[in-house]
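1. With the sequence up front, the predicted model follows.
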Protein chains: 2
Amino acid sequence: MLEQNVERFLLKKIFKDEIVDCDAVVKGWIKSIRKSKKFSFMMINDGSCQGDLQIIIDATIENYEEVSSLLIGSSVAITGTLVPSGGRGQKVEMQAKSVEIIGRSDETYPLQKKATSLEFLREQAHLRVRTNTFGAVFRIRHELAQATHRFFSNQGFYYLNSPIITSVDGEGAGEMFRVSGLDAKNPPLNDAGEVDFTKDYFGKETSLCVTGQLEGECFASGLGAIYTFGPTFRAENSNTPRHLSEFWMIEPEVAFADLDDVAKLAGDYIQYMISEVLKNCEDEMNFLVNRHGGNLDESHLEMLKLVRDTPFTKITYTEAIDILNASGESFEFPTTWGNELQTEHERFLAEKHFKGPVIVTDYPADCKAFYMKQNPDGKTVRAMDVLVPGVGEIIGGSQREEDYDKIVAKMDKDDMDKEGYWWYLDLRKYGSVPHAGFGLGFERAIMYITGMSNIRDVIPFPRNPGNCDF
Amino acid sequence: MLEQNVERFLLKKIFKDEIVDCDAVVKGWIKSIRKSKKFSFMMINDGSCQGDLQIIIDATIENYEEVSSLLIGSSVAITGTLVPSGGRGQKVEMQAKSVEIIGRSDETYPLQKKATSLEFLREQAHLRVRTNTFGAVFRIRHELAQATHRFFSNQGFYYLNSPIITSVDGEGAGEMFRVSGLDAKNPPLNDAGEVDFTKDYFGKETSLCVTGQLEGECFASGLGAIYTFGPTFRAENSNTPRHLSEFWMIEPEVAFADLDDVAKLAGDYIQYMISEVLKNCEDEMNFLVNRHGGNLDESHLEMLKLVRDTPFTKITYTEAIDILNASGESFEFPTTWGNELQTEHERFLAEKHFKGPVIVTDYPADCKAFYMKQNPDGKTVRAMDVLVPGVGEIIGGSQREEDYDKIVAKMDKDDMDKEGYWWYLDLRKYGSVPHAGFGLGFERAIMYITGMSNIRDVIPFPRNPGNCDF
């Protein structure tokens, strides 16, 4: 064994720097193995990048019989010489001097060479990251997370960890998961015969957050501009390819800003993400658009480049309704003014009409949350949604109502219990400023950019009704 | 008003670039105001940096009476000329041409000029970020988060969002918060008369995660090296200055690595965080070490520089016990071999004996979790804790048991229900590799670096027993 004196290289470094004529150790998992009498070809991957390294193992090595009989998924450490590769694919391969068997795999290993469906792999969420498809998706997810932090931090936004367990409903309407330490079977009851949450861990009823926005507004009113990047939750019974019970959201909030400011921010942000992925994840994107069994091709990359380089279209809700009504399409849900835009409407606008992302602003007040700034028309609010082809809504945002009297009147109209919001209302009492923000569903952005069509395939361990394995 | 034609600058940019002889708009909140007949001095801050900008307002401006009577906390937009400042403090000040009043404050504003205690400010968590102290803490928190992503990403670690809602107990021992959508008062019961969690949202009993490690091991076994950075939860009834019910943790996990590898990684990581804060948050750190009512001085910065530049000491648990027993100190808890190290022991080691961070390794197996790699001595496991002065444990980590038979035997010995861990055990069946990782309590790291002595003062909205406001 030469290992002691030879450096281990990650595959990413070997391919990037095209390291050849150099002894090295590589470690990884066997992706495929082809045996012959004189030598074997082994493809290994260590997760650092999309590409596999081809290892040529001469039959003269000591444990050749054992090594050449290893099964897919086994882990190995190989000492050898990196040499230029004559074949297609990578420019470097390794001539093995010795192979150490670290951990064996067997015939029951679920990730066999034969094509495995995305549905099947969802049941193997602990292993699927070892496949080419999911390796690509999760390296891209990483890049998008890094790009998010760079984008906001470089512009002076401060990262806020908003709370997860909360006693308020940030949307004034959400279906929330209860968080409790009370005995599940025999909870303590109060004099009125109701569950006595004053005896619970936090002394009140608590839930998982649906947004970090309200706390984001507090921090924007101190640090000027903030963004959250954390998990949020919905206890809705939605079993669709676009919904998760637990998902990650990025929520910037900017003081001294209006809706136009954050609409521009939203466009810049999406364009930056696309730009960084195209630049830093070329191998991953190329794999995905050519993926066996996938529904993409190179045109997906062309589409992303166009979106990266084209200013986003911005229309009002009222204009959107006019477009839908003039379209001649037949929709399942009504398109009269005052109705919510449904996914079918959103996708029509983004996919068929504008053929690209579109920002829709100024929605009817009744469709939207209590905290949105009321327009002078008395009917609409300064809200926006960003719609993209293939996914629909990817961003929802608004300018916030900064006028104390107006927001209180709206909360009263919506029959909200103002007591828990005293601190939120304080922002409107002490140095209130125009401010605005939005929330981007991280998984929906990943779907859009990777072209994956089910949201459960872009989050490591998806949670949805009936599914909390792993 | 000149505003239309004049660019708005953030204070951070003005001070950094020392912009003078230039017309500008600044926006922010009034930190103090001093009025005289001929002119007033107003200090404003916009949250972008630690320093306030002094505004000189001549009595000749149109709304002088109104402006000069504004109270602390009011928000304003000022158009004026940036000029060199003769006084102490910042090198730039502004000569106002016009002042627009955006949002007023009044006498009930909780953050008055008189010194306010940290305890009082905890009850004003929505406003406290506007103070110098908390502005500094939360900008440093931001920098530490960015440094974390840079540190790991630059070394090829992939960011993993591990799940928050979980059906397994990652520590095999934690007190966890239940997450449920069942009726709290009348939950459905099964035939045995117990709560029927098969009718709950996920079809089983679910809780908030105590760690992302187990899922981290899955992803490290695919991507090679990962780190989590997300919220974790403890339902313990701990009301101490070092415990939170909800806190953020960073958990790297590395395949093909042993305990020594991650002990080095832990030291490098802490040193990098210190280095980046000293470099990028000079004003914030200088404010904190000279903070009125604080318990720090410049020696805190010297201490941090020493830690940044000195390799971490590493001792075994057995050596630590010997040191404690030879110390002559009287401890409340026993120091015989086999007992847990308590906070008093940890702080003695870090503060009095080593006077700096120390890594303690190879703890008795009975003190530690089921997944840790068993040493050949049959008594200890390849665990480590990193202890720092003022805080105690800041990192806990281990090499993981990668041998299927050994980990199963340990789970049986601990009487654990293996059923929910089938996927975790799969990692030991298919290409198992030596791997190791650790968890850093983000808030504890912030406490250590900022010198803040209560963990509730370094997280935006703390959650602890009885406290879930905001």
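-> On my side now, so go ahead.

2. host element of the residue sitting furthest away from the middle of chain A?
-> Each residue of chain A has a distance to the centre, and by Cα atoms, centre = their mean the biggest one is for A:T60: 48.1 Å. A:T60 is part of no helix or strand when elements are defined by DSSP states H and E.

3. likewise A:E284?
-> Counting by DSSP H and E, A:E284 is part of helix A:282-289.

4. and for that helix, what are the contacting residues?
-> With Cβ atoms under 8 Å, 6 or more residues apart in numbering or on different chains as the test, helix A:282-289 has contacts from A:49-51, A:132-133, A:135-137, A:139-140, A:277-278, A:294, A:296-298, A:300-301, A:450-452. No exception for glycine: its C-beta is placed from N, CA and C like everyone else's.

5. Show me what from the stretch 301-450 of chain A comes close to chain B.
-> Taking Cβ under 8 Å from any Cβ of the partner chain as the measure of proximity, the stretch 301-450 of chain A contacts chain B at A:402, A:423-424, A:426-434.

6. what ranges do the helices span in chain A?
-> A:11-17, A:64-68, A:118-122, A:132-154, A:213-223, A:259-280, A:282-289, A:299-309, A:317-326, A:343-347, A:404-413, A:422-426, A:442-450 (DSSP state H).

7. What residues sit buried inside the second one?
-> Right, the one you point to is helix A:64-68. A:64, A:67-68 (16 or more other Cβ atoms under 10 Å in any protein chain shown).

8. For the helices of chain A, state which one has the densest average packing.
-> helix A:213-223 (a mean of 27; mean count of other Cβ atoms under 10 Å in any protein chain shown).

9. one step back: with distance to B:L306 and pLDDT added, can I get the residues of the stretch 301-450 of chain A next to chain B in TSV?
-> Output for these, formatted as TSV (distance: Cβ to Cβ, whole Å; pLDDT from 0 to 100):
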residue	distance to B:L306	pLDDT
A:E402	48	97
A:W423	41	97
A:Y424	44	97
A:D426	43	98
A:L427	42	98
A:R428	47	98
A:K429	46	97
A:Y430	42	98
A:G431	42	98
A:S432	46	98
A:V433	43	98
A:P434	47	98
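
10. would you put the C-alpha positions of the helix holding A:E284 in PDB?
-> The C-alpha trace of helix A:282-289 is given here as PDB (Å, rounded to 0.1, in the frame of the first residue of the first chain):
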ATOM      1  CA  GLU A 282     -22.400  23.300 -15.900                       C
ATOM      2  CA  ASP A 283     -21.800  19.500 -15.500                       C
ATOM      3  CA  GLU A 284     -24.900  19.100 -13.300                       C
ATOM      4  CA  MET A 285     -27.200  21.100 -15.700                       C
ATOM      5  CA  ASN A 286     -25.900  19.300 -18.700                       C
ATOM      6  CA  PHE A 287     -26.600  16.000 -17.000                       C
ATOM      7  CA  LEU A 288     -30.100  17.000 -16.100                       C
ATOM      8  CA  VAL A 289     -31.100  18.300 -19.500                       C
END
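
11. Could you give the average pLDDT over that helix?
-> Mean pLDDT, helix A:282-289: 97.

12. Distance from the chain centre to it, please.
-> Distance of helix A:282-289 from its chain centroid, counting by Cα atoms, centre = their mean, to the nearest Å, is 17 Å.

13. Likewise for stretch A:179-198?
-> On the basis of Cα atoms, centre = their mean, stretch A:179-198 sits 36 Å off its chain's mean C-alpha point.
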